[in-house]
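K.L.:
next input, structure requested:
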Amino acid sequence: MNVVHGRLEALEKVGAGALADQALLKLIRLHLQKYEKHFAEVQQALEPFEQQFGLSSEECYQRFMGGEIGDAADIVEWMGLYDNLLLYRERIDTLRAAAEAS
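P.N.:
Modelled structure (predicted):
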């Protein structure tokens with residue numbers, strides 16, 4: 001059993017489960033806002049690359065991963081940003097699912 005799970009069980013045992021759930025939901029929403037902000041910032045940072053190369057970031061990523069596009073510094077920077085976007089999207093989806101489960 002991990003520490004967080006043990007703490008939650010202890011709170012449940014003493015009748016503070018609802019309070020713990022409210023606190024966790026607030027924490028989830030706080031992190032969700034943070035990742036949504038980061039996601040929007042990265043989306044804006046991707047736009048100049050997409051305009052410069054005439055490709056969506058997703059299409060470039062597929063070509064890059066398939067070895068169809070070289071590894072010039074600007075492409076690598078672009079793909080690094082896109083990796084961040086994918087990470088933030090995954091975290092947003094995870095947090096939204098957790099928030100909706102309550």
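
K.L.:
what is the burial count for Tyr82?
P.N.:
For Tyr82, the count of nearby residues is 21 (other C-beta atoms under 10 Å). Glycine gets a C-beta too; all of them are placed from N, C-alpha and C.

K.L.:
measure it to Ile28 for me?
P.N.:
Distance, Tyr82 to Ile28, by C-beta to C-beta, to the nearest Å: 25 Å.

K.L.:
buried residues in the helix or strand of the chain with the lowest mean pLDDT, which are they?
P.N.:
Using mean pLDDT, DSSP states H and E, helix 3-13 stands out as the lowest-scoring helix or strand of the chain, at a mean of 89. Buried residues in helix 3-13, defined by neighbour count with 16 or more other C-beta atoms under 10 Å: Leu8, Leu11.

K.L.:
can you spell out which helices and strands pack onto that helix?
P.N.:
helix 17-53 (3 or more C-beta pairs under 8 Å, 6 or more residues apart in numbering; DSSP states H and E).

K.L.:
show me what the helix it packs on is packed up against.
P.N.:
Helix 17-53 is packed against helix 3-13, helix 57-65, helix 73-100, with contacts defined by 3+ C-beta pairs under 8 Å, 6+ apart.

K.L.:
average pLDDT for it?
P.N.:
The predicted model assigns helix 17-53 a mean pLDDT of 96.

K.L.:
relative orientation of it and helix 57-65 in degrees?
P.N.:
80 degrees (axes from the mean of the first three to the mean of the last three C-alpha atoms, to 10 degrees).
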